[in-house]
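S.K.: output the structure for:
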Amino acid sequence: MELLKQPPTTKAPAEMFTGDAWFDVIYRGEEPSRARANMVKFAPGARTAWHSHGLGQTLYIVEGIALIQSRGGEIVEAHPGDIVYTPPGEEHWHGAAPDQFMIHLALWENPGPDGAPENTWLEHVTDAEYHGRRKSTRVP
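M.R.: Just a heads-up that it's a prediction; the model follows:
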C-alpha cells in the first residue's frame with residue numbers, strides 16, 4: 001500500500017473555463033495505468049468550455065446542481081448521486097447552476113501515446129447556450 005501525496009488545489013484555466021472553478025487531482029495514473037480522476041468545484045454559473053475526451057468521461061455529481069449538455073442536445077440538470085457518461089469524442093460542457101456551487105468527480109482515461117488526444121478543448125459556452133432549456137434528472 002502507498003499513501004499518495006495530494007497535489008495542491010489548482011485554479012481552472014480561463015482558456016478552458018468560464019467563471020471560477022478549482023480542481024484537485026485525485027489520481028493521475030502512470031503507465032500502464034491510464035486512469036484519471038479529478039474532484040472539481042464550480043462557483044455558481046461557472047462551466048467548462050465545449051470539449052471532448054478521446055476515451056469518454058464519467059461524471060459523478062457530489063454536491064449542488066450540475067448542468068451538462070452534449071452538442072445539439074438538451075441541458076441535463078443533474079443532482080447529487082447522479083452519474084453522467086459522455087462517450088469518446090462527444091462534444092459537451094458541464095458546470096454549476098447559476099445559483100449554487102457544484103462539485104463533481106470527473107473520471108476519464110488517457111488513450112496513451114498512440115491513441116486519440118486525451119482531451120480536445122473547443123470554444124467557450126455562450127451565455128445563450130448556458131441559459132438554454134433544461135431537463136432535470138429528478139422529473140420523470
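
S.K.: helices of the chain, start to end?
M.R.: Using DSSP state H, the helices of the chain run over 127-130.

S.K.: tell me where the model's unsure across it.
M.R.: Residue ranges of the chain with pLDDT under 70: 140.

S.K.: show me where it has its strands.
M.R.: For the chain, the strands defined by DSSP state E cover 10-11, 17-18, 21-28, 35-42, 47-48, 51-53, 57-63, 66-70, 75-78, 83-86, 92-96, 102-109, 119-121, 134-136.

S.K.: distance to D127 and mean neighbour count added to the ones you listed, as TSV?
M.R.: Any C-beta I mention is one placed from the backbone N, CA and C, and that applies to glycine too. Shown next, in TSV, are those (distance: least, C-beta to C-beta, whole Å; neighbours: other C-beta atoms under 10 Å):
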stretch	distance to D127	mean neighbour count
strand 10-11	22	12
strand 17-18	9	22
strand 21-28	17	16
strand 35-42	16	19
strand 47-48	10	24
strand 51-53	18	21
strand 57-63	22	18
strand 66-70	13	23
strand 75-78	13	20
strand 83-86	22	16
strand 92-96	12	25
strand 102-109	18	20
strand 119-121	19	14
strand 134-136	15	13
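
S.K.: out of the ones you listed, which gets nearest to M1?
M.R.: Nearest to M1 among the strands of the chain is strand 21-28; the distance by C-beta to C-beta comes to 14.7 Å.

S.K.: could I get the closest one in CSV with only the CA atoms?
M.R.: Below are the C-alpha coordinates for strand 21-28, written out as CSV (Å, rounded to 0.1, in the frame of the first residue of the first chain):
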residue,chain,number,x,y,z
ALA,A,21,-13.6,26.6,-10.8
TRP,A,22,-10.9,24.6,-9.0
PHE,A,23,-9.8,21.0,-9.2
ASP,A,24,-7.9,18.5,-7.1
VAL,A,25,-6.1,15.7,-8.9
ILE,A,26,-7.3,12.6,-7.1
TYR,A,27,-5.4,10.2,-9.4
ARG,A,28,-3.2,10.5,-12.4
